[in-house]
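Engineer: dropping a prediction and its sequence here:
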Amino acid sequence: MEIITQKVSDSRINQVDPLDIKFGKIYSDHMLVADYQNEQWSKAEIVPYEDLVLSPATTCLHYGQAIFEGIKAYKTPSGEVKIFRPYENWKRFNLSAQRMGMPDVPENIFMDGMKQLIALDRDWVPSSEGCSLYIRPFMIATDAFIGVKPAEEFKFIIISSPAGAYYAQPIKIFVHDKYTRACAGGVGEAKAAGNYGATMMPMMEVRKMGYDQILWTDAVHHKYVQEIGTMNVFFVLGDTVVTPDLKGGTILAGVTRASMIEILKEKGIKIEERPISIDEISAAYDAGQLNECFGAGTAAVVAPIAELHYEGKDMKVNTPKENSITDMLKKELADIRYGRIDDKHNWMYKVC
């Protein structure tokens, strides 16, 4: 699909310090925009990154009809730019859209648009280890109407931002048994803006206590762990890796999560997807069987967890050592993404 492109006259790339790339602080020169009206999508355009002009009555501002995705592009040693598993994000984006009463975004707009956008801004893809170009597709309802009804007009946009490490060191997690992120029948498995908005106040509370993130528990019993605010979660109990299953519809089906599970199976490491309670984790800790704990997500990739706090109990987890499962997954994914080993899964999508 050919996309009309308006190029910037002067790039802002010189504002980026390659030795100090902070997540989400500066954005690439261009963005992709497409509008949905009268039950059809307009032709996508690539335009200079700029502010949006919206009516104060815009639906998404009042009723939260908004979704997004997170994807990363990497630069290989030969200078090629490749994106990690974007088709999986496109599929999940449309599942989120369906749950939120929004139209599917066609493949040619999402995938072709992303490819042409990143090719244009390829100089924004960092080449240093641990860095990438974070890609943020999102869709908002744009009806200028404050009546409570599903919107009929939408705007799809892709922006991007050079990114360094999301967490610079192993993180401390507060296991919450008061507030709820998602419940059965809700929108927990959708990447909807409201899922994150509802977590902000509890997040402020736990950060004041010295924790980096929240591990959410189920809405009924507050016992079964779900996901961390920005990541899926894995526990190494003895010789088995355990992660919460997705059957309840309350946990985001992470692309990094799925990739890790595939790698673990290939390596012959026992992996279980099932309900797991904080009581089981606590008992494993007391028995010396909680060997590793880590988060998995697009932004964080693999984030070692140094401590879990639950009901006054601090469960300190050993920092992952060389050849640990956490270390192996981190290295394997990095080697695939940066083109240092053969991409036998065909996970990397070449841009240019």
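Structural biologist: Looks like it arrived, so ask away. Numbering: from 1, shown residues only.

Engineer: endpoints of stretch 60-72, how far apart?
Structural biologist: Its first and final residues considered, stretch 60-72 spans 26 Å by C-alpha to C-alpha, to the nearest Å.

Engineer: can you mark which positions in that stretch are buried?
Structural biologist: Buried residues in stretch 60-72, counted by 16 or more other C-beta atoms under 10 Å: 60, 61, 63, 64, 65, 66, 67, 68, 69, 70, 71, 72. (Glycine included, C-beta is placed from N, CA and C.)

Engineer: again with stretch 20-32
Structural biologist: In stretch 20-32, counting by 16+ other C-beta under 10 Å, buried: 21, 26, 27, 28, 29, 30, 31, 32.

Engineer: kindly indicate which of these lies nearest residue 289.
Structural biologist: Closest approach between these and residue 289, by C-beta to C-beta: residue 21, at 38.0 Å.

Engineer: the closest one and residue 84, how far apart?
Structural biologist: Distance from residue 21 to residue 84, counting by C-beta to C-beta, to the nearest Å: 18 Å.

Engineer: swap in residue 226?
Structural biologist: From residue 226 over to residue 84 (counting by C-beta to C-beta), the distance is 24 Å.

Engineer: so how far is residue 305 from the residue of the chain most remote from its centre?
Structural biologist: For the chain, the largest distance from the centre (C-alpha atoms, centre = their mean) belongs to residue 287, which lies 33.1 Å off. Counting by C-beta to C-beta, the gap from residue 287 to residue 305 is 18 Å.

Engineer: swap in residue 240?
Structural biologist: 17 Å.

Engineer: which one's more surrounded, the two?
Structural biologist: Taking neighbours as other C-beta atoms under 10 Å, residue 240 and residue 305 compare with residue 305 leading, 28 against 13.

Engineer: okay, and which of the buried residues of stretch 20-32 map to strands?
Structural biologist: 30, 31, 32 (DSSP state E).

Engineer: JSON lines for the residues you listed, including distance to residue 189 and pLDDT?
Structural biologist: Converted to JSON lines, these look like this (distance: C-beta to C-beta, whole Å; pLDDT from 0 to 100):
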{"residue": "30", "distance to residue 189": "31", "pLDDT": "98"}
{"residue": "31", "distance to residue 189": "27", "pLDDT": "98"}
{"residue": "32", "distance to residue 189": "26", "pLDDT": "98"}
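
Engineer: skipping its backbone neighbours, what lies nearest residue 107 in space?
Structural biologist: residue 90 (6.5 Å; C-beta to C-beta, 6 or more residues apart in numbering).

Engineer: and the one you found, what are its phi and psi?
Structural biologist: phi -60, psi -40 (degrees, to the nearest 10).

Engineer: residue contacts, it?
Structural biologist: Counting by C-beta atoms under 8 Å, 6 or more residues apart in numbering, residue 90 makes contact with 69, 105, 107, 110, 111.

Engineer: at 7 Å instead, please
Structural biologist: 107, 110, 111 (C-beta atoms under 7 Å, 6 or more residues apart in numbering).

Engineer: which intervals of this structure have sub-threshold pLDDT?
Structural biologist: Within the chain, no stretch has pLDDT under 70.

Engineer: outline the domain layout of it.
Structural biologist: 4-165, 171-336 (automatic domain parsing).

Engineer: among these, which comes closest to residue 344?
Structural biologist: Using C-beta to C-beta, those put domain 171-336 closest to residue 344, at 8.8 Å.

Engineer: and that closest one, end to end?
Structural biologist: OK, domain 171-336 end separation, C-alpha to C-alpha: 25 Å.

Engineer: and it, how far from the chain's centre?
Structural biologist: Relative to the chain's own centre, domain 171-336 is displaced by 14 Å; criterion: C-alpha atoms, centre = their mean, to the nearest Å.

Engineer: what number of residues lie near residue 8?
Structural biologist: 15.

Engineer: thinking again about what came up before, which of the ones in strands among the buried residues of stretch 20-32 sits closest to residue 4?
Structural biologist: residue 32 (10.6 Å).

Engineer: state the distance from that closest one to residue 119.
Structural biologist: Taking C-beta to C-beta, one finds residue 32 at 12 Å from residue 119.
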